[in-house]
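# Let me see the structure of the following:
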Amino acid sequence: QRQRLVSAIQQDVEAKISRQERANQEKIEELTGDLNKELERLETEKTERLEPVEARKSQGTTQATERAAAIEAQLKEVDGKVLDEDIMFEPSQTPIARKDDKVTPEARRLLIETVKEYIDRLEADTASEQEKVSAEYDSQIDKLRYEIQEKAQKIISESGGDTGQLQAQAESRIKKLESIKPRDTLSEMEFRELQDQAGRMFRAGMGAEAIRDLLRNISLDELSAQLRLETHSSSGQKRKKATKRLRVVESFRKSGNRPEWMIMTTLPVLPPDLRPMVQLDGGRFATSDLNDLYRRVINRNNRLKRLLELQAPEIIIRNEKRMLQEAVDSLIDNGRRGRPVSGSSNHKLKSLSDMLKGKQGRFRQNLLGKRVDYSGRSVIVVGPTLQLHQCGLPKKMALELFKPFVMRKLVEKGLAHNIKSAKRIVERVRPEVWDVLEDVIQDHPVLLNRAPTLHRLGIQAFEPVLIEGSAIQIHPLVCSAFNADFDGDQMAVHVPLSAAAKREAREQMLSVNNLLQPSNGDPIVAPTLDMVLGVYYLTTSRPGAKGEDKAFSDFDDAKLAYDMGVIDLQASIKLRVPAVLPSVDGETEEEPASQIVSTTMGRAIFNEAINNVLRTHGQEPLPYFNEVVDRAGLKRIVAALIRRYGNDDTAQVLDAIKRLGFRYATQSGTTIAISDITMPSEKDGILKSADDEVQRIERDYRRGLITDDERYNEVIEVWTKAKDQITKAVSGVLDPFGPVAMMAQSGAKGNIQQISQMSGMRGLMADPSGRIIELPIRSSFRDGLTVLEYFLSTHGARKGLADTAIRTADSGYLTRRLIDVSQNVIVYEEDCGTDSGIWINDLQDPARRDLRLAQLPGRLLAGDVIDEATGEVIAERNTIIDEHARDRIAAGREVPQLYLRSPLTCEARHGICQFCYGWHMGTRRLVAIGDAVGIVAAQSIGEPGTQLTMRTFHTGGVAGIDITSGLPRVEELFEARVPKGKAILAELDGVVELQRTEDSRIIKVVSRQTYRDEHDLPSGYRPAVEHGAWVEIGQPVALAHDEEATPVLARLTGSADVRKNKVTIISEEREEREYTVPASARLKVEDAQPVNAGDLLTEGSKDPEEVLRIQGRDAVQRYMIDEVQEVYRSQGVNINDKHIEVIARQMLRKLRVDQTGDTE
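Residues are numbered from 1 along each chain as shown. Here you go, the predicted model:
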C-alpha cells in the first residue's frame, strides 16, 4: 500500500512537470508571434518616415543639376566677355562670376566645385536625417526584443522553480509517508493533511479508544522477552526504564490481567448519599459538585450516541469525543488537564480526587478523623485548687456526657421506672440528677485533648470534678504537656465507655502516670511561671533582712518567730534540721541525728512542705535542700522525687509545691512598673564609640581599603559588640531583688536579652530574607522608638509571625512523614540475641563527655564495661544503665569506650526487641512488648520541630554557601537529600596536595602504601639482581650454585634491596583522587595534611549518600544522629538518641540487589 502511494506521488509529479513544460512552450510561441507583428508595424512606420527625406534629396539634386546646366550654357555664351550682371548659383547662393568681370575657364571650374559641394552637403544632410530615424526605430525594436526575451526567461525560470518545489513537496510527502509508524501522535492539522494524502494507508484514532486498541494488540510475552534483552544489553537510563516496564509487564502476566482492561468503558457512579441534593427554602436545590460533573458526562455521552446514529461528519464526532473525554477527566480529577471546570459562582468543582485527597478529603477527614459521641469541647481556665489527677468539668457538660450512665443509675436506684422516664428526668434536669451524676463520675476518668496533638501527652486522663460555669478547669502543671495556656484555648473531653477503656485510661493515660516526657525522660510537670517565681522568692536570701543571724532549735521555733514578725522570710538564720543519714544494717538510730545549717526561713518552709507530704505517705524525707530554687532547680527536685518515690507520691509533693508557689508569688507582691526598668548611664558613651568606629570603617571603605562585604560584616560586628556591652551595663544596674530581675533569674519569664531591649537598646534587626539590617535600633522600649526605628522593627516582628505559621505546617508534615516510615516499629520480642551494638568512643573527649553520659540512662550494655586502670568490671553485658550505673561509669578512671545495645543493630525479624531499645523514657522501665516505639520516636522528633528556626543562614556575603539550619536541615537529613552547601569528602586515607591554577583550586588526596617482601637466601644461593634494580613478579631474584636447584622467585613487583644473604623487594602502591574546588568554598585542609576517608576537605555538610559509600553503614548512622541532635541542641531541645536511631534504622532497612545470581 505504502509503495503504491509513493509511486503514485512520483508519477503525479512527473505528469505535472511535463504539463508545465508544454504550457511554457505555448506561452513562449505566443510571445514570439506578438514580437513579429510589432516588428512589421515598426518597419512600415520607418519606411513611411524615410520616403519624404529621399524625395527631398532627389528633388534638390535635380534642381541643382538643372541650374548648373543653365549656368554652364550661359557661361559658354559669354566666354571671354565682360559681364553686365552677376551670375549666381541659387541653390547655394554662391556667385560664379561677378559683374564687370571677364568670363574665364576658372568660372566653369568654380561652378563644378560649387555644384559638387552642394550635392555632397544635400546627401550628407539626408543621410544624417535617415540615420536619426533609423536609430529611433532600431532602439524601439531592440527594447521589444529584450522585453520578449525577459518574459520568456521568466516563464522558464518560474516553471523551473515550480518544478523544484513540486519535487521537494513530493519528497517531503514521501518522507512523511515512510516515517508513519504505529503509536505516532499527530496534531489535528497533520492528521487532516495525511488523511487527504493517504487516507487509505493508515488508521488513526483519538482518545482512550485508540489507546485501548493499541493495548489490545500488545503481546505481553513478546514484550517481556524484548525488555529482558534490553535490560541486559543497554545501560544507564535505558536500562532503568526497561526494568520499570518489565516490572509492570510481569505483574500483568502473573495476575492474568490484560492491559486493555485498564481503560474504562463503563463509569461507576457514586451512591447518591455521598453526592446529596438538598432542597433550599425558595424551592431551589443545592447539589453536590459531583452531580454537575456526572451530568456533563451523561449529556455529552448521549449527544455522542445520537451523532453516531445520525452518521454525523467525522469532525463533529471527533470534537464530541474530545469533549466527552474532558468531561470524564474533570469528573475524576478536575483541573489536572487543562482549565478546571467551574460552577455557577466561578468556583472550581470538587471532583472525585478532590473528595479523597488532602486533609479535608474522605480518608483523613472522615475515615481517620471521625466525630464521636460522648465528647464535648469548651474553653479552658486554670484550676489552681485541683489535684494533679483531677480536672474541673462543667456540670451541664458532664450531665450530657454521662447521660446514658445517669439514666441507668436512675433506673437502678428506682428514681425512674424505665429508660424513657429516666431520659425525661435528665432532660428536665431534676435536682436528684446531680446526686446521681456525682455517683456516676466517681471512678470514671475522662480524657482531655488539646489540638494539635503533637505527642502522646496531648491526650491525658483525669478524674472529673463537677464545677459550676461553662469552662473546663485544668491543673496548672499539666499545661506544658498540652502546650496550653489560658488565653482562649479550647480542649475536648472524651468519655471512655468500656471497663477496659477505663482501666487503660487510669493505668496508662492518667496525668499522674505521665510525669516524664517520652522524648527524653525529663519531668514535664515541673512548676512554671508564677509557681517558679513564688518558690524563688521563698528561697532567696536577702542580706540585711530583719532577724539576720538568729538561731533556732527547730522548724516550729523559727515558724513562730516568723509568724510573730521577729524574722523576715528571706533573712539568713541558723536552724537545726534532722540529718538524713544512711541507716546501718537497715536500722535507724534511736536518737535521730541532726545538723545546724545556715539557711533562710523561706527554705525551711519549702523543705517542711515537701517532707510533710512525704511523711504523711510514710516515706523517708528528702535531705535538707539548702539553696535558691529556680526553675531548673525545681526540675531537678521533681526528677529526683520521681526516681526515689514514684509517681503517686511525687504528684502529692508537686501539689504542695504548687500551693506554696502560688501563695508566695501572691505574698511577694511582685509587680512590674515602668520605674522598675532601670536605664544604664553608660549607654550614650557606648553608642558614641560605636558610631566613631562605624565612621572609621566607612572611611576605609571609601578609600578602597576594604570591600563592601568586609565593611558590612565589620559594621554588624561593631553593633553586636555595642549591644553586648549595653546588655552587660543593664545587668549591672538591675536591682537583683527587683521584680524584673527576679522574674528573669528565677526562670519564671523573660531573660536578660529581653530586659536589655526594654532598658538598653533594641539592637540589630533582620530583614525578611534573614539578612541583618546594618542600621541598629538605638532606643529601648523604655525610651520609646522613633518612627524609623519602629518601621525597622516591624521587619523582624512580621518575619517572626510568618516563620511561625510556616514552621507549624512544615513541622506537622515532617511528623506525618516520620510516622509513615516508622509506624510498624513495634516491640515484638524480649531479646533478639544479637552481639552487635554501637561503640561510644568519645567518652574521654571533654567537649562531648557530658552529652554522652546524659544519653546513657535507659540503655542496655552490649558488652562488659571494664575500668582499664584497675581491671574492675563496672557493669556487665545486658545490664540496664540507670543513673547509679551511669555515675559509676563516669567515676571509672579509665573507661575509653562503651559498647551499647541499640535499635540500629537490633536483629529482630519484625519490629524491635526490648533489650536493644531499653527503657521507655516516659516510664523509666524496660519498654513493654507491643509498645509502638516507632510512633513515639516520630512524635518525639516532630513535636519540638515547631521550636526550630526556619532560617537558612546567609553568611553575610563572605562565602556564597548557605548553611541550612533548623527545621529545613532536619528535613534534609531525614530525606537524605544532597545538602545545600555540600562539602567535598576525602574518599581514601592519604595526604593532601593543594594545587592552585589561575581560575580554580584542585585538592589531591594521595595514598601511598609500601609493601616489603623479604627473601632470606639459603646457603648455596647468590642474588640474581642488582641493588636498586626493578623486579617483576615471577622473576628469579636468587640462583643456586647448583643449576638444577629451583631459583627464588619474586612475589611482588618493585625495586630490589640486595644485602649479602637477603633480597628485599619494596613495592609502593600509589592511589590518588582529584577534586576541583568551587571558588566560593572554603578549604578545611592544608597542604601535606594527612586525612582519613570521609574527612571534610571543604566546609559544609556531608552528603549522607557519600558517607554511606565511603565509610559505610555505621558511620552514616552515627553522622545522621549527631547532625540531627546538633540542630535540636542548638535550640535547647533535648531528645534521646534512641528515637533518632529508630528513624535511622528505618532509613537503612532496604538493601539493593547488586547481583541476581542464577535465579529466575
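
# residue ranges with poor pLDDT in this structure?
The model of the chain has pLDDT under 70 over residues 1, 580-592, 949-964, 1159-1160.

# the domain parsing of it - what is it?
Domain ranges of the chain: 2-179, 208-262, 272-364, 376-513, 534-581+592-670, 680-785, 827-906, 983-1098, per automatic domain parsing.

# tell me the helices in the stretch 251-400 of the chain, going along the chain?
289-309, 314-332, 352-356, 395-401 (DSSP state H, counting those that start in this stretch).

# Would you tell me which of those gets closest to G521?
With respect to G521, and counting by C-beta to C-beta, the nearest of the helices of the stretch 251-400 of the chain is helix 395-401 at 34.3 Å. Glycine gets a C-beta too; all of them are placed from N, C-alpha and C.

# To what extent is G966 buried, counted in neighbours?
Applying other C-beta atoms under 10 Å, we find 22 residues neighbouring G966.

# Please identify the deepest-packed of the helices of the stretch 251-400 of the chain.
Comparing those by mean neighbour count (mean count of other C-beta atoms under 10 Å), helix 395-401 ranks first with a mean of 19.

# Including distance to A976, could the domains of the chain go into TSV?
TSV is the format used below for those (distance: least, C-beta to C-beta, whole Å):
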stretch	distance to A976
domain 2-179	45
domain 208-262	19
domain 272-364	26
domain 376-513	24
domain 534-581+592-670	36
domain 680-785	25
domain 827-906	16
domain 983-1098	15
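
# out of these, nearest to F202?
Going by C-beta to C-beta, the one of these nearest F202 is domain 2-179, 8.9 Å.

# What is the end-to-end distance of that closest one?
Terminal residues of domain 2-179 lie 11 Å apart, using C-alpha to C-alpha, to the nearest Å.

# what sits against K176?
Neighbour list for K176: L194, Q197 [criterion: C-beta atoms under 8 Å, 6 or more residues apart in numbering].

# Mind doing that once more with 6 Å?
Going by C-beta atoms under 6 Å, 6 or more residues apart in numbering, K176 touches no other residue.

# and the gap between it and G1054?
68 Å (C-beta to C-beta, to the nearest Å).

# Quick one, which of the helices of the stretch 251-400 of the chain gets closest to E830.
Closest approach to E830 among these (C-beta to C-beta): helix 395-401, 40.8 Å.

# Would you mind writing the CA trace of the helix or strand following the closest one as CSV?
The element immediately downstream of helix 395-401 (helix or strand, assigned by DSSP states H and E) is helix 403-412. C-alpha atoms of helix 403-412 as CSV (Å, rounded to 0.1, in the frame of the first residue of the first chain):
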residue,chain,number,x,y,z
LYS,A,403,-26.3,10.9,80.2
PRO,A,404,-26.7,7.1,79.5
PHE,A,405,-24.9,6.3,82.7
VAL,A,406,-27.1,8.7,84.7
MET,A,407,-30.2,7.2,83.1
ARG,A,408,-29.2,3.7,84.0
LYS,A,409,-28.3,4.7,87.6
LEU,A,410,-31.7,6.5,87.9
VAL,A,411,-33.5,3.2,86.9
GLU,A,412,-31.2,1.2,89.3
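
# hmm, who's touching helix 403-412?
Residues outside helix 403-412 that contact it (C-beta under 6 Å, 6+ apart): A416, I419, A422, K423, I425, V426, V436, L437, V440.

# give me that answer again for 7 Å
399, 416, 418-419, 422-423, 425-426, 433, 436-437, 439-440 (C-beta atoms under 7 Å, 6 or more residues apart in numbering).

# For the buried ones among those, write the corresponding PyMOL selection.
What follows is the PyMOL syntax for the buried subset of the contacts of helix 403-412, where burial is set by 16 or more other C-beta atoms under 10 Å:
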select buried, resi 399+416+422+423+425+426+433+436+437+440
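
# I'd like the contacts of helix 403-412 as CSV, with secondary structure and distance to I880 appended.
Shown next, in CSV, are the contacts of helix 403-412 (DSSP: H, G, I helix; E, B strand; the rest coil; distance: C-beta to C-beta, whole Å):
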residue, secondary structure, distance to I880
L399, helix, 48
A416, coil, 56
N418, coil, 58
I419, helix, 54
A422, helix, 54
K423, helix, 55
I425, helix, 56
V426, helix, 52
V433, helix, 52
V436, helix, 49
L437, helix, 46
D439, helix, 44
V440, helix, 43
